[in-house]
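> below are the sequence and a predicted model for it; my questions follow.
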Amino acid sequence: MSTAKSEKHLKEQQLSPEILSEIGQRLRSIRKTLDLTQRELTKQIDVASASYLSEIESGKTKPGFEFMYRFCGHYQVNPMYLMYGDEPQFLKDAPQSQPEEKIPEYDFGNNSELVHGMLRILEKSKMFEFAFLEFCHRYNRNNSKEIEEDIRLYNERKLKESQ
């Protein structure tokens, strides 16, 4: 997804004033943890202005994709923390998988080539990774019951196959 399309996608998403306020509070908290003024932060990531950052922190405006991408990338902030409050705050604090763990190959049927192509892009593009993770997180939150049911049915099917 191009930066312009990603920016448009974020602008089109409607966020309640409460959610905007929470995002702003988390952003302010991280900025203060980093011991930066609004002006210093915007200068370091070379995007926006101190007044734009002030509006985000006060919950008056939504952070754009370019801002999120540069802020999270530059300071290694967990975008899921910033948007939803999911810990950890910083990516360096996230649990690391063991190097010997390998992700099993899955057959995605007619979509296998598409899915594997997307996974190759995820390895190379932080922007795509952020957009993909944001989508997955939102989808999981909005469809948790259906996902749990799918998992239950999958486990039942696997159990029957093994008998």
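Looks like it came in fine. Numbers count the residues shown, from 1 in each chain.
> G59 and R26, how far apart?
According to Cβ to Cβ, to the nearest Å, G59 stands 11 Å off from R26. (C-beta placed from N, C-alpha, C; glycine too.)
> what helix or strand is K62 located in?
For K62, there is no enclosing helix or strand under DSSP states H and E.
> for it, which non-adjacent residue is spatially closest?
Once flanking residues are discounted, K62 sits nearest to L15: 5.6 Å by Cβ to Cβ, 6 or more residues apart in numbering.
> surely the one you found meets P63?
No - L15 lies out of contact with P63 (Cβ atoms under 8 Å); the separation is 9.9 Å.
> neighbour count: these two, which is higher?
A side-by-side neighbour count of L15 and P63, using other Cβ atoms under 10 Å, places P63 first with 24 against 16.
> who are the contact partners of the more buried one?
Residues in contact with P63 (Cβ atoms under 8 Å, 6 or more residues apart in numbering) are L10, I23, L27, I56, F71, L82.
> in ChimeraX, select just the buried ones from those.
Entered in ChimeraX, the line below selects the buried ones among the contacts of P63, by 16 or more other Cβ atoms under 10 Å:
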select :10,23,27,56,71,82
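> can you tell me which of the contacts of P63 end up in helices?
Secondary structure from DSSP state H places L10, I23, L27, I56, F71, L82 of those in helices.
> greatest separation within these: which pair is it?
Spatially, the most separated pair among the ones in helices among the contacts of P63 is L10 and L27, at 14.6 Å (Cβ to Cβ).
> relative to Y52, how far out is G24?
Taking Cβ to Cβ, one finds G24 at 12 Å from Y52.
> ditto for I45
I45 is 12 Å from Y52, by Cβ to Cβ.
> okay, and the common contacts of the two?
F67.
> could you list the domains of the protein?
Taking automatic domain parsing as the criterion, the chain consists of the domains 1-94, 97-163.
> quick revisit: switch the ones in helices among the contacts of P63 over to JSON lines; also include pLDDT and distance to R39.
Output for the ones in helices among the contacts of P63, formatted as JSON lines (pLDDT from 0 to 100; distance: Cβ to Cβ, whole Å):
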{"residue": "L10", "pLDDT": "44", "distance to R39": "24"}
{"residue": "I23", "pLDDT": "92", "distance to R39": "20"}
{"residue": "L27", "pLDDT": "95", "distance to R39": "15"}
{"residue": "I56", "pLDDT": "93", "distance to R39": "14"}
{"residue": "F71", "pLDDT": "89", "distance to R39": "14"}
{"residue": "L82", "pLDDT": "86", "distance to R39": "20"}
